[in-house]
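>>> Here you go, sequence then predicted model.
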Amino acid sequence: MYYATIILNRLDKTLCYRIMKYKILKGMLILNTTVCSSQNDSLNFPFYAFNAHYGCIIPHTEVVKPISGSKPYGFIFDIGQIHTSYTGWKIFNTCWNSGIQTGYFSFSNPEVLGGSFIFTGFAEPVLASGRRYIFSVRGGVGLSYHTKVYNENDNPENQFFSTHISFPLYVSTRFKLKISPSIYLTLSGFYNHISNGGIKQPNYGMNFPTLAGGLEYYKNPLPSLKKKYIVDNKVKESGIYFSAGTLLSYKVVDKTEIFPEKGSVSWGFSVRAVKKFKPFYSLNIGVELIADNAIREVIRRNQSGIDYKRFAVTAGQDFYMGKVIFTQYLGFYVYSPYKARQSVYQKYELVYSINKNLIAGVFLKAHTSNAELMGITASWLIKAKN
């Protein structure tokens, strides 16, 4: 019995030692993983880029066709960084670039169209990558200053722009070829749009695609950009959500011989049902009420007394890129006492998911080529019960 007790005590001490050793080792592993993760999240890959652009103007309406024959060209500089950590990856479910770009576009018609100084922010998710190449898509939005704008007496031909300050936006596909550890040769196709969002008329806006070539320099050589994390936005069992949203927009009504120029704030509400089919795709249907106070001012001036509000049914689709959501849909007016340019309108929204219920961002509402409203939007999401 005595020897049995000694053996059991020794076994107990050995077991405790091994358990203690295991816990210490496990703690070290956890600490190491946490530190490594923190280090990975803090790694920065800043870059600098230059691109030269050359393109053409699309005559999207007869009004601007006479001055759409020139060939725009420009020189653009980028500053940004690429996000490779898990925290950054979750935004688009891929590695991505973000940054600012600035530069100048000449519209090759100095007397009528002049040129445009631009300043935009961009996001650029990586779609595919290899040891020597990167393929990505970039979207950007910002501000532009135009040297020539519409003037009834001095420059009546320029109906592209009626304000010196406008809002450029663009989408681009980009191919990058690695020519050194830190330098990539870039070839890009851009679709550029500039308008004032309906703040002041005339506002036909300019659509001008360009081809661009340039160089991109990274301060630190890039690691592998292939996907290495697990998507965390799986489709839930129900996959059905309801969205209650609101919008705000600012617009200017032009002066006349009798009335002065006047600014107005427009607002609206929407309710949509969203059916998610894939982690990255859903369809939506809904209704939307928009109270355009610029229309209200026009009605007041005409003393017609009709209702300025419009009600529409909508249908569209949503594209999910991590926390970023791009929505496009068509609206069909079912109530519009003040007749619209067309009975159907397009609406585009680019929003960010602040949390599981709240999203917010920007929108653009247009009738074919004419932007009518542009502003901010926010929505509250409610998951349908199973």
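Received the coordinates, thanks.
>>> just checking, Lys148 touches Ser116?
No - Lys148 sits out of contact with Ser116 when judged by CB atoms under 8 Å, with a separation of 9.3 Å. Heads up, the C-betas are built off the backbone N, CA and C, glycines and all.
>>> quick one: which of these two has more around it?
In terms of neighbours (other CB atoms under 10 Å), Ser116 is the more surrounded of Lys148 and Ser116; the figures are 24 against 21.
>>> The more buried one and Ala123, how far apart?
Between Ser116 and Ala123 the distance is 22 Å, computed by CB to CB, to the nearest Å.
>>> ditto for Asn109
Distance of Asn109 to Ala123, computed by CB to CB: 32 Å.
>>> How about Val351?
Taken as CB to CB, the spacing of Val351 relative to Ala123 amounts to 13 Å.
>>> Same question for Trp380.
To Ala123, Trp380 is 24 Å away according to CB to CB.
>>> Same check on Ser343?
From Ser343 over to Ala123 the distance is 34 Å, taken as CB to CB.
>>> more crowded one of the two?
When neighbours are counted by other CB under 10 Å, Ala123 comes out ahead of the other of Ser343 and Ala123, with 20 against 13.
>>> Point me to the helix or strand that includes that one.
Ala123 is part of strand 115-129, with elements assigned from DSSP states H and E.
>>> quick one: what helix or strand has Trp349 in it?
Quick fix: residue 349 reads Glu, not Trp. Using DSSP H and E, Glu349 sits within strand 344-353.
>>> List the neighbouring strands of the helix or strand following that strand plus their orientation.
Scanning the chain past strand 344-353 towards its C-terminal end, the next helix or strand to appear is strand 358-367 (assignment: DSSP H and E). Partners of strand 358-367 in the sheet, by DSSP bridges, are strand 344-353 (antiparallel), strand 370-383 (antiparallel).
>>> and the shortest one with strand 115-129, angle?
Pointing back at strand 344-353 there. Using axes from the mean of the first three to the mean of the last three CA atoms, to 10 degrees, the direction of strand 344-353 lies 70 degrees away from that of strand 115-129.
>>> in this protein, which ranges drop under the pLDDT threshold?
Residues of the chain that meet the criterion pLDDT under 70 lie in 1-44, 227-238, 369, 385-386.
>>> Show me where the stretch 201-350 of the chain has its helices.
Using DSSP state H, counting those that start in this stretch, the helices of the stretch 201-350 of the chain run over 293-302.
>>> ok, now the stretch 51-200 of the chain?
Taking DSSP H, counting those that start in this stretch as the criterion, the stretch 51-200 of the chain carries its helices at 86-92.
>>> could you pull out the strands for it?
Across the stretch 51-200 of the chain, reading from the start of the chain, the strands by DSSP state E, counting those that start in this stretch fall at 73-83, 96-106, 115-129, 133-146, 165-178, 183-195.
>>> Who are the packing partners of the fourth one?
Of the remaining helices and strands, those touching strand 133-146 by 3 or more CB pairs under 8 Å, 6 or more residues apart in numbering; DSSP states H and E are strand 96-106, strand 115-129, strand 165-178, strand 183-195.
>>> Give the pairing partners of the second one; include direction for each.
Spelled out, it's strand 115-129. Assessed with DSSP bridges, strand 115-129 is paired to strand 96-106 (antiparallel), strand 133-146 (antiparallel).
>>> Would you mark the buried spots in that strand?
Buried residues in strand 115-129, counted by 16 or more other CB atoms under 10 Å: Gly115, Ser116, Ile118, Thr120, Phe122, Ala123, Glu124, Pro125, Val126, Ser129.
>>> Can you name the residues bridging to the second one?
The bridge-partner assignment for Ser116, based on DSSP bridges, gives Phe105, His146.
>>> Surely Ile91 is in contact with Gly322?
Yes - look at Ile91 against Gly322 with CB under 8 Å: they come within range, at 4.5 Å.
>>> Quickly list what's touching both of those two.
Where contact means CB atoms under 8 Å, 6 or more residues apart in numbering, no residue is in contact with each of Ile91 and Gly322.
>>> Need the nearest residue in space to Thr102, chain neighbours excluded.
Phe119 (4.9 Å; CB to CB, 6 or more residues apart in numbering).
>>> quick one, what contacts Phe311?
Listed by CB under 8 Å, 6+ apart, the contact set of Phe311 reads Val287, Glu288, Leu289, Tyr333, Val334, Tyr335, Ser336.
>>> most neighbours, which of the residues you listed?
Each of the contacts of Phe311 was scored for neighbours by other CB under 10 Å, and Glu288 scores highest at 23 neighbours.
>>> Hmm, it is touching Thr246, no?
No - counting by CB under 8 Å, Glu288 sits too far from Thr246 to count as a contact (10.6 Å).
>>> what's the overlap in contacts for these two?
Contacts common to Glu288 and Thr246, judged by CB under 8 Å, 6+ apart, are Gly268, Phe269, Ser270.
>>> Quick check on these: which are buried?
Buried members of those, counted by 16+ other CB under 10 Å: Gly268, Ser270.
>>> so which of the shared contacts of Glu288 and Thr246 comes closest to Lys178?
Ser270 (45.4 Å; CB to CB).
>>> which residues touch the closest residue in space to the closest one that isn't next to it in sequence?
Across the structure, with CB to CB, 6+ apart as the measure, the residue nearest Ser270 apart from its sequence neighbours is Glu288 (4.2 Å). For Glu288, the contacting residues are Gly268, Phe269, Ser270, Phe311, Ala312, Val313, Thr314, Gly331, Lys347, taking CB under 8 Å, 6+ apart as the criterion.
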